[in-house]
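# With the input below, show me the fold.
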Amino acid sequence: MIYIYNAGPLFSEAEIKQRKEEGKALWALKRTHQDYFVANPIDLPFDNTKVLTSKEIFNEDAKHVDLANVFFFELASGDTGTMVELGMAIEKFRQGKDIKIYPIFFDLRLPRNQADGVECPVGFNSYLVGSLTSNHIKIHSSFNEALETFKRDFNLN
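Got it, this is the predicted structure:
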C-alpha cells in the first residue's frame, strides 16, 4: 500500500493553496493503484463548525503519520508542527520501517543568489539538515522535484 502524508504549514492563503495543489498532484498518481491514500491535512475531514482542540488536531495527524509509508515535508518555512511530524517519521526510519521521506527546502534566495544546497547560510537548522543527511535521505529543492523522485521510486510514470 502507498499511504502518503503531505506535511507543511497551513496558516496563510498561499500555504493552504500550495498544500491543496500538492494534494491534487499526489492523488492524480493513484490511477490503477487500489491501495493508495493521500493524507493531506488541509483536506482531512474536521468539523470546522466547532472549536478544534490541539489534542484533536494532533491525534488526527499522528494517526496518519503512524499509517504512512511515504512522507513529503515542506521544511524551509520552519513550521514547528511539520518539524514534529518529520521527527516522528525520522524515528520510524531509524527503527527500520520501510518508508520513503521526501524533504523539500524551497527557498527563492538559493537560486536567486546562485547558492546551492541546504548547507549555505540562509538559516536552515543544522540539526534538522543533519537528521536527513546522516540518514542518507535526499533533500529536494521543490515539491515538483520531490514528486518526480517519488514517481520514479514507485514506478508511477
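
# Sketch out the low-pLDDT regions of the chain for me.
Along the chain, the parts satisfying pLDDT under 70 run over 32, 46-49, 108-123.

# can you map out the strands along it?
Applying DSSP state E to the chain gives strands spanning 2-7, 36-39, 70-74, 100-104.

# Any idea which of those gets closest to residue 90?
strand 100-104 (7.5 Å; Cβ to Cβ). In this view, the C-beta of every residue, glycine as well, is placed from N, C-alpha and C.

# Packing partners of the closest one?
When contacts are defined as 3 or more Cβ pairs under 8 Å, 6 or more residues apart in numbering; DSSP states H and E, strand 100-104 packs onto strand 70-74, helix 80-94, helix 143-153.

# circling back to that earlier point, let's have the strands of the chain in TSV, adding mean neighbour count and distance to residue 89.
Shown next, in TSV, are the strands of the chain (neighbours: other Cβ atoms under 10 Å; distance: least, Cβ to Cβ, whole Å):
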stretch	mean neighbour count	distance to residue 89
strand 2-7	23	8
strand 36-39	20	12
strand 70-74	25	5
strand 100-104	22	6
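
# will you turn those strands into CSV that also has distance to residue 14?
Converted to CSV, the strands of the chain look like this (distance: least, Cβ to Cβ, whole Å):
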stretch, distance to residue 14
strand 2-7, 16
strand 36-39, 20
strand 70-74, 12
strand 100-104, 15
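
# I'd like to know which of these lies nearest to residue 45.
Per Cβ to Cβ, nearest to residue 45 of these: strand 36-39, 11.1 Å.
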